[in-house]
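>>> sharing a model prediction with you, sequence too.
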Amino acid sequence: MAYEKIAQLLDTRHICRNNVILDALYEIFRIEFSKYYCSDRNFDSPINVLMCVNPSTHKVVMPIASFLQCFAKLTLARSSFAETRSGSLGFLDAWTDICERFSKVNIEDFELDPTGDYTLSNPIGLRNYNTALLVIGCLDTSLEYALLYGVRSLNSGSTSGARCALDNPALAIEIFSKFNRFSDILYNRCVKDDKKRVIGSITDLTTMSLPALVQILRQILPEYNGRNIGNVDSRMALWSANNKLIWHLLDATLSRIQRRRLIGFSAGVQGSLPPVPDVSTVLEVGYIVYAGALVYYASARPDEEVELPLYLRSKGNRGRSVLQLCSDILGACITDLATRGIVDLLSATLMRPSPALFTATSAPEDACADMALLVGRLRNSVTVLLAQPSTPMKDVVSILATIQLLTTRLAEIATGNTVDSHREEAVECLKQCAEWTVTLVDKELRGD
């Protein structure tokens, strides 16, 4: 838990700008890191994971993934200061080594068998479970580092620091492939005595924070601006074509907004709830999924073929498409902000984004018009989707659910003690929604 709290602090700007605090933490983490990091490439794994599990009790004694996540953020934050930069470069090289070697590991490198026992009711299964959990955590941390910061080539001789992750997207995909394979083994092999799975979803195994996921999604779901979709950077296209990776990141984002409980580091230890996201982060998540996915349908005409980026062209895992996940995330953002009484702020931010709105704590007075406009665009998305051949109905239903959340708020405005003009806007939008719904149902019943 201590490492998780430190990682959350390192996501905040005021801590990352305090050189004194960073130096104090760095000295402690540097000594601890040297105990577990193995620079000898004759060993397959760069981290001695087996040291982190007690050989007698088979319990986790060192949550190495959380430690590495903290140390990576700490090293990078410290490297931004000129006076401490040279001391951090060696550890940036170490992170390059960690990412590259973890992209090549096999589960057998950790004395694990993909067909072995991972149940929690016996010592062997407990040992295997906890070891696999730690390895998956290390892969997840390496994936976060590669996606966020990239890695410098050990052969380049560069001292300019970590490059943008887009310089080598293939490495991140290789690490994710390992993470996905190892997680799938644990997900399927770890069952209770009644044969029920212990892990609800592979996404539950990721430790990425919501701020980190937001930074990654900014790159992977670029804002739509009417440009030629086919003219995409080849490195970005490699990520966009990896639907499983994007699905994983979106589902992890959804779980953070919904605050689903994470998997604990050790068998029998219940994971913690993610921290409550701040308003600006929720607004940014909502904007990313709208401007990077939903807007392609919201701004199209029903009689035209919609030109889509690669990540919107195919289904994700278990039948859920990227579009459906984006709509679900937008719905989760609406629900979160509704509990805070500021859902109107999201509509204004999506319809006329500005730096001031992303940092605002209350909605502008004319936000009702923005909400009506957003509802109209989401309705258009449904109309466009239904006009496309072989549209998954789950996508349509998800957007309809999001519209329902917004119309609930409009009904509150229409019947509440508010400005007459806002009440009239809400009533008019609700009337249009009712008429549109009747037309939609009628078409479906007639099979048009």
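Now that the structure is in, tell me what you want to look at. All of these numbers come straight from a predicted model, not from anything done at the bench.

>>> give me the neighbour count for the closest residue to residue 108 other than its chain neighbours.
Setting aside the residues directly before and after it, residue 108 is nearest to residue 114 in space (Cβ to Cβ, 6 or more residues apart in numbering), at 7.9 Å. Where C-beta positions appear, they are placed from N, C-alpha and C, glycine not excepted. The number of residues packed near residue 114 is 16, by other Cβ atoms under 10 Å.

>>> ranges for the helices of the stretch 151-300 of the chain?
Using DSSP state H, counting those that start in this stretch, the helices assigned to the stretch 151-300 of the chain run over residues 169-189, 210-220, 234-241, 243-258, 279-289, 295-298.

>>> follow-up on the earlier one: quick check, the residue nearest to residue 108 in a strand?
No. Using DSSP: H, G, I helix; E, B strand; the rest coil, the assignment for residue 114 is coil, not a strand.

>>> so who does the closest residue to residue 117 other than its chain neighbours touch?
Nearest residue to residue 117 in three dimensions, chain neighbours excluded: residue 125, at 4.3 Å (Cβ to Cβ, 6+ apart). The contact partners of residue 125, by Cβ atoms under 8 Å, 6 or more residues apart in numbering, come to 117-119, 190.

>>> between those, which has the most around it?
Sorting those by how many neighbours each has (other Cβ under 10 Å) puts residue 118 first, at 28 neighbours.

>>> need phi/psi at that residue.
The phi/psi pair for residue 118 (degrees, to the nearest 10) reads phi -130, psi 20.

>>> residue contacts, it?
So residue 118 contacts 125, 128-129, 132, 185-186, 189-190 (Cβ under 8 Å, 6+ apart).

>>> buried ones in stretch 398-410?
Of all the residues in stretch 398-410, those buried under the rule 16 or more other Cβ atoms under 10 Å are 398-400, 402-403, 405-407, 409-410.

>>> repeat that for stretch 382-396.
Residues of stretch 382-396 classed as buried under the neighbour-count rule (16+ other Cβ under 10 Å) are 382-386, 391-392, 394-396.

>>> quick one: low-confidence residue ranges for the stretch 1-150 of the chain.
Applying pLDDT under 70 to the stretch 1-150 of the chain flags residues 1, 13-17, 80-90, 150.

>>> just give me the neighbour total for residue 50.
14.

>>> quick one, what contacts it?
For residue 50, counting by Cβ under 8 Å, 6+ apart, the contacting residues are 110-111, 131.

>>> doesn't it belong to a helix?
Yes. Counting by three-state DSSP, residue 50 falls inside a helix.

>>> picking up where we left off before, just put the helices of the stretch 151-300 of the chain in JSON lines and tack on distance to residue 368, mean pLDDT and mean neighbour count.
Shown next, in JSON lines, are the helices of the stretch 151-300 of the chain (distance: least, Cβ to Cβ, whole Å; pLDDT from 0 to 100; neighbours: other Cβ atoms under 10 Å):
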{"stretch": "helix 169-189", "distance to residue 368": "42", "mean pLDDT": "90", "mean neighbour count": "20"}
{"stretch": "helix 210-220", "distance to residue 368": "27", "mean pLDDT": "87", "mean neighbour count": "20"}
{"stretch": "helix 234-241", "distance to residue 368": "36", "mean pLDDT": "58", "mean neighbour count": "17"}
{"stretch": "helix 243-258", "distance to residue 368": "24", "mean pLDDT": "90", "mean neighbour count": "22"}
{"stretch": "helix 279-289", "distance to residue 368": "18", "mean pLDDT": "95", "mean neighbour count": "22"}
{"stretch": "helix 295-298", "distance to residue 368": "19", "mean pLDDT": "92", "mean neighbour count": "21"}
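
>>> can I get the ones you listed in TSV with distance to residue 25?
Output for those, formatted as TSV (distance: least, Cβ to Cβ, whole Å):
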stretch	distance to residue 25
helix 169-189	26
helix 210-220	18
helix 234-241	32
helix 243-258	24
helix 279-289	23
helix 295-298	41
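
>>> out of the ones you listed, nearest to residue 102?
The closest of the helices of the stretch 151-300 of the chain to residue 102 is helix 169-189. By Cβ to Cβ, the value is 6.0 Å.

>>> please save the CA atoms from the closest one in CSV.
The C-alpha coordinates for helix 169-189 follow below in CSV (Å, rounded to 0.1, in the frame of the first residue of the first chain):
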residue,chain,number,x,y,z
PRO,A,169,5.8,1.2,-30.6
ALA,A,170,6.8,-2.4,-31.5
LEU,A,171,8.5,-2.8,-28.1
ALA,A,172,5.3,-1.8,-26.2
ILE,A,173,3.3,-4.3,-28.3
GLU,A,174,5.8,-7.1,-27.6
ILE,A,175,5.6,-6.4,-23.8
PHE,A,176,1.8,-6.3,-24.0
SER,A,177,1.7,-9.6,-25.8
LYS,A,178,3.7,-11.2,-22.9
PHE,A,179,1.4,-9.4,-20.4
ASN,A,180,-1.7,-10.7,-22.2
ARG,A,181,-0.4,-14.3,-22.4
PHE,A,182,0.7,-14.5,-18.8
SER,A,183,-2.5,-12.9,-17.6
ASP,A,184,-4.6,-15.3,-19.6
ILE,A,185,-2.8,-18.3,-18.1
LEU,A,186,-3.4,-17.0,-14.5
TYR,A,187,-7.0,-16.0,-15.4
ASN,A,188,-7.9,-19.5,-16.6
ARG,A,189,-5.8,-21.6,-14.3
